[in-house]
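Q: Got a sequence here, can you model it:
(one chain, ligands or ions: 1)
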Amino acid sequence: MSKVDIDNFPCLLLVTHIDNTQVLSGNSFAKQFLNVCFEESSLTLTDILSKASLIFYESYLKPILISNGSCKEVQLTVIANGGSRIPAVANICLVDEKLFWAVYPAEERDKLYQELVSARENLEQKTEELTRLTRLDPLTSLLNRRALTTDLTKIITFIRRKYVPVCLVLIDIDYFKPINDNFGHEYGDEVLSKLASTLTNVVRESDLVSRWGGEEFLVALYNTDIQDAQYYCNRIHEAVQKITLPNSKKLTVSIGLAALEPQDLRDEDVIAKKINKADNALYKAKNNGRNQTQLG
Ligand SMILES: Nc1nc2c(ncn2[C@@H]2O[C@H](COP(=O)(O)OP(=O)(O)OP(=O)(O)O)[C@@H](O)[C@H]2O)c(=O)[nH]1
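A: As a prediction, this is how the structure comes out:
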């Protein structure tokens, strides 16, 4: 078999002595990577390995090499030409008091790792964004029905432990069908969006505002008793009437209001029952001539 040219190996091949840190020789790849000339310099492992890797070598690898004769796939940090710290994988074996090192710099692996980290961060951001979007109604950007129910369930778990008054406000646009019929569905969508902004502007940040379905909106007023909720409903009526339709008529809404009392919270079905109560009150408001709030 012809003699193998070790300079063609794509890794650092080094020879050191087990008794000291002196580098006795190395291949071309190592010369280039470390920018040294082994014959002329007195290079030691201290120059090649990071401080932590050197401690690892002295305290862990060396005893293993002495007892087992070899160490495989050990992770080290190599100081490259120019001082940059490069993660590397080394195989080392001991023959006649000399250590033979094959060190594979993991520059590419490190780059790949960084790419993986940023791809994961990217994915996490996208997942967050998607989760956010699945909670929102696409037309109004308000919480959708499912998100409102989830958030309200959390609030109820909390107020079961420490009661805080919460009121549910069910809002339905009056005569919305004629708005669509007379001015078009697109205009109807615009009205829904305007109403959504109006509701968001009237409430506090701790309140939940949702599009419950069609032209119905459900608002959960946190830390609000029934008197304050009625005051809030009056503000909604006033604000909504500022939205004027193309025929100069004012937009109006009917509202059903229900309060979550401490005794209601024992009921597992409290949300459905209270919404039902608000719905009955809304029905009363419609039957009573619309543009008003009724208590459930
Ligand atoms: N533009 C638009 N219209 C919708 C949307 N969702 C539901 N609607 C319409 O809302 C209208 C609701 O009509 P109705 O339930 O008859 O109620 P209304 O005309 O408001 O009458 P009252 O509630 O009794 O005052 C229907 O014509 C639906 O098609 C939507 O996303 N966009």
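Q: In the record's domain split, what are the boundaries for the protein?
A: 6-109, 135-295 (automatic domain parsing).
Q: end-to-end on the shortest one?
A: In domain 6-109, first residue to last residue: 23 Å (Cα to Cα, to the nearest Å).
Q: for it, what is the average pLDDT?
A: Averaged across domain 6-109, pLDDT comes to 90.
Q: swap in the last one?
A: Computed over domain 135-295, the mean pLDDT rounds to 96.
Q: Between the two ends of that domain, what distance do you get?
A: End residues of domain 135-295 are separated by 29 Å (Cα to Cα).
Q: just how off-centre is that domain within its chain?
A: Counting by Cα atoms, centre = their mean, to the nearest Å, domain 135-295 is centred 29 Å from the centre of its parent chain.
Q: Please apply the same query to stretch 80-90.
A: On Cα atoms, centre = their mean, the centre of stretch 80-90 falls 34 Å from the chain's centre.
Q: Which positions within it qualify as buried?
A: By neighbour count with 16 or more other Cβ atoms under 10 Å, stretch 80-90 contains the buried residues Ala80, Ile86, Pro87, Ala88, Val89, Ala90. Placement of C-beta: from N, CA and C, glycine included.
Q: what does that stretch contact?
A: 12, 32-35, 50, 71, 73-79, 101-107, 109-110 (Cβ atoms under 8 Å, 6 or more residues apart in numbering).
Q: same question, stretch 174-190
A: Contacts with stretch 174-190, where a contact means Cβ under 8 Å, 6+ apart, come from 139, 173, 191, 214-215, 245-247, 251-254, 286, 290-291.
Q: do the same with stretch 28-44
A: Residues from elsewhere that reach stretch 28-44 (Cβ under 8 Å, 6+ apart): 7, 9-14, 20-26, 47-48, 78, 80-82, 103, 105.
Q: give me that answer again for 6 Å
A: Stretch 28-44 is contacted from outside by Asp7, Leu12, Leu14, Thr21, Gln22, Val23, Ser25, Gly26, Ala80, Asn81, using Cβ atoms under 6 Å, 6 or more residues apart in numbering.
Q: Which positions within stretch 21-35 qualify as buried?
A: By 16+ other Cβ under 10 Å, the buried positions in stretch 21-35 come out as Thr21, Val23, Gly26, Asn27, Phe29, Ala30, Lys31, Phe33, Leu34.
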